[in-house]
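Peer 1: Sharing a sequence plus its predicted fold:
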Amino acid sequence: MKQLGIQLALVIGALFFSVNMSAQVTDIAVKDSMDVVDKRLKFGCGFGLSFVGGTNIALSPNLIYSVSNKVSIGAGVQGSYTSIKDLQNTTTFGGNIITQYRPVEKFTMLLEFAQLKVNTKTEAVTGDIKEDYWDSALFIGAGLNITNKIAVGAKYNVLYDKDESVYTSPILPFVNIVF
């Protein structure tokens with residue numbers, strides 16, 4: 001009976017230590033895999049600010065995941081406010097998905113789709129004219145990586161229609177900062 005008790009104690013002890021050791025290995029593996037995800041997942045933010053011919057403020061935070069050293073994918077939200085005093089106010093809000101390709105360290109190419117809800121109020125002699133609609137944009141662009149965290153470039157809206165687009169031009173400059 002005493003020998004059965006010793007064997008049972010050894011089995012319980014072995015199980016306890018093996019479970020405890022495997023739990024530690026699992027914790028380390030999970031921590032290491034989270035570090036890899038943390039290094040690949042980056043928060044970025046594009047912005048625009050202009051006071052030429054009125055006021056234009058734009059902000060577009062996004063999350064980008066590096067699939068490899070050359071390819072990244074991500075999504076974000078964006079919003080803007082544009083005002084031309086005593087003429088027009090426009091507010092936009094929406095989302096975007098983006099793919100970036102970096103063939104060399106200093107150069108980035110991008111493909112971005114954005115869907116925006118547009119609210120415009122135009123002041124007229126006969127009264128205010130309000131418009132409320134959705135606008136889609138498909139951008140193809142390129143930029144220079146000034147540092148590992150800052151890119152500057154331009155993108156072209158393939159879906160641009162001068163009569164219906166919220167954008168004033170099919171070509172938009174961009175500055176993107178990654179944290």
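Peer 2: Thanks, I have the structure now.
Peer 1: Show me where this protein has its strands.
Peer 2: Using DSSP state E, the strands assigned to the chain run over residues 41-50, 55-66, 71-84, 88-104, 107-122, 129-145, 150-157, 171-178.
Peer 1: To residue 164, which of these lies closest?
Peer 2: Nearest of those to residue 164, taken as Cβ to Cβ: strand 129-145 at 7.4 Å. For the C-beta atoms, the positions are set from N, CA and C on the backbone; glycine is no exception.
Peer 1: what about the most centrally placed residue in the chain, distance to residue 162?
Peer 2: When Cα atoms, centre = their mean is applied to the chain, the residue found nearest the centroid is residue 62 (2.0 Å). Remark: distance between residue 62 and residue 162 (Cβ to Cβ, to the nearest Å) = 27 Å.
Peer 1: again, but for residue 149
Peer 2: 35 Å.
Peer 1: out of those two, which sits in the busier spot?
Peer 2: Remark: of residue 149 and residue 162, residue 149 carries more neighbours, 12 against 9, as counted by other Cβ atoms under 10 Å.
Peer 1: If we ignore the residues flanking it in sequence, what's nearest the more buried one?
Peer 2: residue 178 (4.9 Å; Cβ to Cβ, 6 or more residues apart in numbering).
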